[in-house]
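Q: I would like to see how this sequence folds:
(2 chains)
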Amino acid sequence: MNPIMASAPALFTIRSVDYRAISPVLIILAVALVSVFVEAFVGRSARRPVQLVLVFGAFLATFIDLITLHATRLVTAAGSVAVDGPALVMQGAIILLAALAAMLMAERMVDPSGDPFAARASSLPGSVDEAEFSARGYFQTEVWPLLLFSVAGMMLFVSANDLLLMFVALEVMSLPIYLMAGMARRRRLLSQEASLKYFLLGAFASAFFLYGMALTFGFAGSVNLGSIADAVSAKPSQSGLLLLAVAMLSIGLLFKVAAVPFHQWTPDAYQGAPTAVTALMATTVKIAAFGALMRVLYVAFGGIRWDWTPMLWIVAILTMVVGSVIAVTQSDIKRMLAYSSVAQAGFILVGVIAVSGKGLASVLFYVIAYGFATIGAFAVVSVVRDASGEATHLSKWAGLGKKSPVTGAVLSLLMLSFAGIPLTSGFIGKFAVFSAAIANGATWLVIVAVIASVVSAFFYARVIVLMFFSEPTEATASVVVPSAFTTIVIAAGATVTVVVGIAPQPLLDLVNNAGLFLR
Amino acid sequence: MNPVNYVILSAVLFSIGAIGVLVRRNAIIVFMSVELMLNAANLAFVAFARINGILSGQVIAFFVMVVAAAEVVVGLAIIVQIFRTRRSVSIDEPNLLKH
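A: Predicted structure coming up:
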């Protein structure tokens, strides 16, 4: 008898979808589609204002929508979308940080030619076309629909309760970012190279995720995280198929969080991409990736945690140590921030390893605090310039703090937060993550983490010393006065870092009340 | 024929794709190897659908094809642009980004 034919009739039932619960994602997707049509039908001069209104309007509407949904806890769309506390908190954080990254993308006062993106991404670097497009004052507005699609992918990624939806969301999130990474106005060869490397390695990693998903389907007969959890607990015997599946799914997700040894793309992509896009990659993508990683490991594979936590221990230790040590040797500020983001991913993994409600809450706290500090840091990087564009080489930062004390002070504050100095959000985040890990018996891991954070404090402090304790030279870059857009981003990054550092309770309450993942 | 053989075949195809990504130097071939990995996963989905007697594996294969097509669009755009700039698709040549 053919088993497929026998079970076919019962499969086609109409599933109900709670559109209200998934409306935040739908708003963003709908506006993204409108935004594509704006590209096609609105005149060149009106496009930018229209796109900006659409993008910021969509973010505002979605954020308000998320606030009205804050008490929602349900699983809908045939069990494939979980609208639960952690998902809503992460979606809110993604929207806020994406809005800040969008402000960096909209900045036009910083670059003398007017826009951070290439006049035409399709024109060749250094060609006659490119010069003509620039001379005519063309600029690209295609980045706005790309941004919206990417944000929609991220929001689905953190609430996907189904590996298939998670895979589709992963691609919807990543593909626009691969493109945006290659669109810088200056240093276009670097930008294109970053785009190629990020794309090829990203596609490689998502193929691993997909094959892991296929093996999971083979083991459990379903790609729904809840059904996988049931199958995992129903078949207690060790299964090589299952372990291989967990490993391959983890590879795909650890790539996105930039954990060692899957971090090779990070420095190249961060350095080559336009700084506004780097800010987006370093904050929102990281939040989304940690959300998905925890959901898969906690919900679907929580039953075999003793099998995957040793693997995650090794990855976390490697990530913290390699990230911190290599960051010490960097001479480019964007590259240094990239390795710093690798090291920070290691600290966050320490919280993931706790496999507890406390661990989940601490990771949520950490990624939000880290996201705001990071976006502020990249905003500062984008305004420090010389004649060739952004002055990212650290030698050009010598004495910058004496030349521009406010900028220097803000960046120093953010660096202290990355290093985990008390009275900054970074300290509270590290404390929360480490105490969650200790509560679960991972004391040795925390000891390694503390040592790594001491090493990382060295290179953060080096930037401060360089800015304030050396004399400005002729090569020292200057700080361009940006428009309100970048100013808001820098102010938001610094304010959140200080306020959350001094009075963390509201944010701690938020992440603690988020509760656990639904299934 | 025993459907488990198709799972083994898919694992072999996936490995060939993964090795291709790691050893080949032409961006187009690297990209084709990634597509081979995705299609190996598709074969695994269909084979497991047969083994488990659950149709959804075949439906997933369709989703994956659509996603792979979208990935091709983005990937070829990036590779073609690199080729037009550098007159080469070797992935060793773009080497400006290093410390």
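Q: CA only for contacts and neighbour counts going forward, please
A: Fine.
Q: my guess is residue A:291 contacts residue A:87, does it?
A: Yes. Look at residue A:291 against residue A:87 with C-alpha atoms under 8 Å: they come within range, at 7.5 Å.
Q: residues in contact with both of those two, list them for me.
A: The contact sets of residue A:291 and residue A:87 overlap at residue A:158 (C-alpha atoms under 8 Å, 6 or more residues apart in numbering or on different chains).
Q: residues in the stretch 401-519 of chain A within reach of chain B, list them.
A: For the stretch 401-519 of chain A, the contact set with chain B under C-alpha under 8 Å from any C-alpha of the partner chain is empty.
Q: now the helices: where do they sit in the stretch 401-519 of chain A?
A: A:405-419, A:425-439, A:443-468, A:484-502, A:505-513 (DSSP state H, counting those that start in this stretch).
Q: what packs against the fourth one?
A: Counting contacts by 3 or more C-alpha pairs under 8 Å, 6 or more residues apart in numbering or on different chains; DSSP states H and E, helix A:484-502 is packed against helix A:85-106, helix A:357-383, helix A:405-419, helix A:425-439.
Q: name the nearest residue to residue A:417, ignoring sequence neighbours.
A: residue A:426 (4.4 Å; C-alpha to C-alpha, 6 or more residues apart in numbering or on different chains).
Q: which residues touch residue A:90?
A: So residue A:90 contacts A:155, A:158, A:287, A:288, A:291, A:364 (C-alpha under 8 Å, 6+ apart).
Q: of these, closest to chain B?
A: residue A:155 (17.9 Å; C-alpha to the nearest C-alpha).
Q: which SS class is the spatially most central residue of chain B?
A: Note on chain B: the residue nearest the mean C-alpha position is residue B:35, at 2.1 Å, using C-alpha atoms, centre = their mean. Using DSSP: H, G, I helix; E, B strand; the rest coil, the structure places residue B:35 in helix.
Q: how about it: what's its closest non-neighbour residue?
A: In space, residue B:35 is closest to residue B:68, 7.2 Å off (C-alpha to C-alpha, 6+ apart).
Q: phi, psi of that neighbour?
A: Main-chain dihedrals, residue B:68, degrees, to the nearest 10: phi -60, psi -40.
Q: number of residues surrounding it?
A: 19 (other C-alpha atoms under 10 Å in any protein chain shown).
Q: that one and residue B:37 touch, don't they?
A: No. With contacts counted by C-alpha under 8 Å, residue B:68 stays clear of residue B:37, the gap being 10.5 Å.
Q: just give the nearest non-adjacent residue to the residue of the stretch 401-519 of chain A found nearest chain B, would you?
A: Evaluated by C-alpha to the nearest C-alpha, the stretch 401-519 of chain A has residue A:459 as its residue closest to chain B, separated by 15.4 Å. Leaving aside its sequence neighbours, residue A:459 sits nearest to residue A:328 (C-alpha to C-alpha, 6+ apart; 5.2 Å).
Q: equivalent analysis for residue A:200, please.
A: In space, residue A:200 is closest to residue B:31, 6.9 Å off (C-alpha to C-alpha, 6+ apart).
Q: helix or strand for that neighbour, which one?
A: Element membership of residue B:31 [criterion: DSSP states H and E] is helix B:27-52.
Q: buried sites along that helix?
A: B:27-52 (16 or more other C-alpha atoms under 10 Å in any protein chain shown).
Q: quick one: that helix to chain centroid distance?
A: Centroid displacement of helix B:27-52 relative to its chain, using C-alpha atoms, centre = their mean, to the nearest Å, is 6 Å.
Q: packing partners of it?
A: Against helix B:27-52 (3+ C-alpha pairs under 8 Å, 6+ apart) you get helix A:188-220, helix B:4-23, helix B:56-86.
Q: low-confidence stretches in chain B?
A: B:98-99 (pLDDT under 70).
Q: before we move on, what about the stretch 201-350 of chain A?
A: For the stretch 201-350 of chain A (pLDDT under 70), the answer is A:236-238.
Q: interface residues of it facing chain B?
A: A:203-204, A:207-208, A:210-211, A:214-215, A:217-218, A:221-222, A:268, A:271-272, A:330-332, A:335.
Q: can we see that at 6 Å?
A: Residues of the stretch 201-350 of chain A found near chain B (C-alpha under 6 Å from any C-alpha of the partner chain) are A:204, A:207, A:211, A:214, A:218, A:268.
Q: count the neighbours of the second one for me.
A: Spelled out, it's residue A:207. Neighbour count for residue A:207, taken as other C-alpha under 10 Å: 29.
Q: quick one, what contacts it?
A: Counting by C-alpha atoms under 6 Å, 6 or more residues apart in numbering or on different chains, residue A:207 makes contact with B:37, B:38.
Q: distance of it relative to residue A:436?
A: For residue A:207, the distance to residue A:436 equals 33 Å [C-alpha to C-alpha, to the nearest Å].
Q: do the first one as well
A: Distance, residue A:204 to residue A:436, using C-alpha to C-alpha: 33 Å.
Q: how about residue A:168, phi and psi?
A: According to degrees, to the nearest 10, residue A:168 has phi -60, psi -40.
Q: gap between it and residue B:35?
A: Remark: distance between residue A:168 and residue B:35 (C-alpha to C-alpha) = 16 Å.
Q: for residue A:331, same thing?
A: 37 Å.
Q: before we move on, what about residue A:391?
A: Residue A:391 is 39 Å from residue B:35, where distance means C-alpha to C-alpha.
Q: what's the answer for residue A:33, then?
A: 28 Å.
Q: again, but for residue A:255
A: Residue A:255 is 18 Å from residue B:35, by C-alpha to C-alpha.
Q: contact residues of chain B facing chain A?
A: Counting by C-alpha under 6 Å from any C-alpha, the residues of chain B near chain A are B:34, B:37, B:38, B:41, B:45, B:48, B:53, B:85, B:94, B:97.
Q: so what's the fourth one up against?
A: Yep, that's residue B:41 we're talking about. By C-alpha under 6 Å, 6+ apart, the contact list for residue B:41 reads residue A:211.
Q: try it again with 8 Å
A: A:207, A:210, A:211, A:214, B:10, B:14.
Q: shouldn't the fifth one be in contact with residue B:48?
A: So that's residue B:10. No. Contact criterion C-alpha under 8 Å: residue B:10 and residue B:48 do not qualify, at 10.8 Å.
Q: residue B:66: how many residues sit nearby?
A: 12.
Q: follow-up on the earlier one: farthest pair in the residues of chain B next to chain A?
A: Greatest spatial distance in these: B:53 and B:85, 50.3 Å, computed using C-alpha to C-alpha.
Q: list, one by one, the residues from the stretch 51-200 of chain A near chain B.
A: A:122, A:124-125, A:164, A:168, A:171, A:175, A:178-179, A:182, A:190, A:192-196, A:199-200.
Q: buried ones in the host helix or strand of residue A:232?
A: In this assignment (DSSP H and E), residue A:232 forms part of helix A:225-234. Buried residues in helix A:225-234, counted by 16+ other C-alpha under 10 Å: A:225, A:226, A:227, A:228, A:229, A:231, A:232.
Q: make a markdown table from these and add distance to residue A:443 to it.
A: Shown next, in a markdown table, are the buried residues of helix A:225-234 (distance: C-alpha to C-alpha, whole Å):
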| residue | distance to residue A:443 |
| --- | --- |
| A:225 | 30 |
| A:226 | 31 |
| A:227 | 33 |
| A:228 | 31 |
| A:229 | 28 |
| A:231 | 32 |
| A:232 | 28 |
